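> this is the structure alone, sequence omitted:
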């Protein structure tokens, strides 16, 4: 399925997650964040970069693991991405929805 994000035709699944990470760039992430009513800050981008790095290393993501990462604690993670931190942040990061998300 295709969706226009930041003026680009992007392949997404039925939930709106990118299916091809190579189509992701910061403008695409920014646009997805706007759809979720999130104004990205440098702190948001730090978390996004961490999630992308973990994904590339094939690490299964969970809220608990992120809280233990020393990158962001769970309370701040929820504050940065209030509508479901792991679902929203991974969508912004352009990576698949973690299996731990319903």
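Yep, that arrived. Just so it is clear, the structure is predicted and the values come from calculations on it, not from any experiment.
> where does the protein dip in pLDDT?
Along the chain, segments meeting pLDDT under 70 span 102.
> gap between the residue nearest the centre of it and residue 55?
Central residue of the chain (C-alpha atoms, centre = their mean): residue 90, 2.3 Å from the mean position. Counting by C-beta to C-beta, to the nearest Å, the gap from residue 90 to residue 55 is 8 Å. Using the backbone N, CA and C atoms, a C-beta is placed for each residue, glycine as well.
> overlap in contacts of the two?
Each of 61, 96 lies in contact with both residue 90 and residue 55 under the rule C-beta atoms under 8 Å, 6 or more residues apart in numbering.
> returning to what we had before: who's in contact with the helix or strand where the residue nearest to the centre of the chain lies?
Using DSSP states H and E, residue 90 maps to helix 85-93. Here helix 85-93 makes contact (C-beta under 8 Å, 6+ apart) with 15-18, 24, 29, 32-33, 36, 38, 40, 44, 47-48, 51-52, 55, 61-63, 66, 77-78, 80-81, 96-98, 100-101.
> switch the cut-off to 7 Å
The contact list for helix 85-93 (C-beta atoms under 7 Å, 6 or more residues apart in numbering) reads 16-17, 29, 32-33, 36, 47-48, 51-52, 61, 63, 77-78, 81, 97-98, 100-101.
> can you classify the nearest residue in space to residue 39 that is not next to it in sequence by secondary structure?
Excluding the flanking residues, the one nearest residue 39 by C-beta to C-beta, 6 or more residues apart in numbering is residue 33, at 7.3 Å. Three-state assignment for residue 33 (DSSP: H, G, I helix; E, B strand; the rest coil): helix.
> which of the contacts of helix 85-93 are buried? Put it as a PyMOL command.
Applying 16 or more other C-beta atoms under 10 Å to the contacts of helix 85-93, the buried members can be selected in PyMOL as follows:
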select buried, resi 17+29+32+33+36+47+48+51+52+61+63+77+78+81+97+98+101
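> all set, thanks.
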